[in-house]
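Novice: show me the folded form of this:
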Amino acid sequence: MKREEVFPSKYLKASDLGGKPVVVTIKDARFEILKGTDGKEQGKVVLYFNKTKKALPLNRVNWDAVADILGDDTDDWIGGKIELYPTTTEMAGKTIPCIRVRQPNGALPLKKAAPPEEDPPPPSDDDIRDEIPF
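Specialist: This is a model prediction of the structure:
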């Protein structure tokens with residue numbers, strides 16, 4: 001037996017991706033209290049995906065990546081597609097495997113449209129000058 005078979009995790013690890021990027025559709029984004037490796041409890045948003053058993057707790061880097069793609073409000077993330085890819089990061093002086101998030105190839109980010117600009121008010125008679133300043 002392998003360690004993962006004896007101690008299965010409900011959270012994704014870089015090794016779960018099999019060395020390849022995976023496009024997933026977000027089914028839910030829940031705020032949950034999780035225990036860190038130091039045993040302290042910490043609140044995190046955890047992403048759940050369609051057609052997967054494991055979830056992804058978001059760190060700041062991955063939160064920012066999802067927010068860049070789908071917007072700042074987690075309510076808007078449901079149904080959105082993101083790409084998870086395995087890479088490495090530095091932690092406590094060691095290089096360790098991790099999962100990062102990026103926009104799926106060919107997908108456009110879902111950005112909220114900026115509100116339309118208002119037309120400036122018409123100039124008053126005081127604003128009209130016959131002089132040309134050059």
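
Novice: residue ranges for the helices of this structure, please.
Specialist: Applying DSSP state H to the chain gives helices spanning 3-6, 60-70.

Novice: could these be laid out in TSV, adding mean pLDDT, mean neighbour count and distance to P21?
Specialist: For the C-beta atoms, the positions are set from N, CA and C on the backbone; glycine is no exception. Formatted as TSV, the helices of the chain follow (pLDDT from 0 to 100; neighbours: other C-beta atoms under 10 Å; distance: least, C-beta to C-beta, whole Å):
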stretch	mean pLDDT	mean neighbour count	distance to P21
helix 3-6	80	8	21
helix 60-70	97	17	13
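
Novice: and those helices: which comes nearest T25?
Specialist: Among the helices of the chain, the nearest to T25 by C-beta to C-beta is helix 60-70 (11.3 Å).

Novice: the closest one packs against which elements?
Specialist: Contacts defined by 3 or more C-beta pairs under 8 Å, 6 or more residues apart in numbering; DSSP states H and E place helix 60-70 against strand 81-91, strand 94-102.

Novice: if we can go back for a sec, output the helices of the chain as TSV; include the columns distance to N50.
Specialist: Shown next, in TSV, are the helices of the chain (distance: least, C-beta to C-beta, whole Å):
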stretch	distance to N50
helix 3-6	22
helix 60-70	15
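
Novice: out of these, which is closest to V23?
Specialist: helix 60-70 (11.7 Å).
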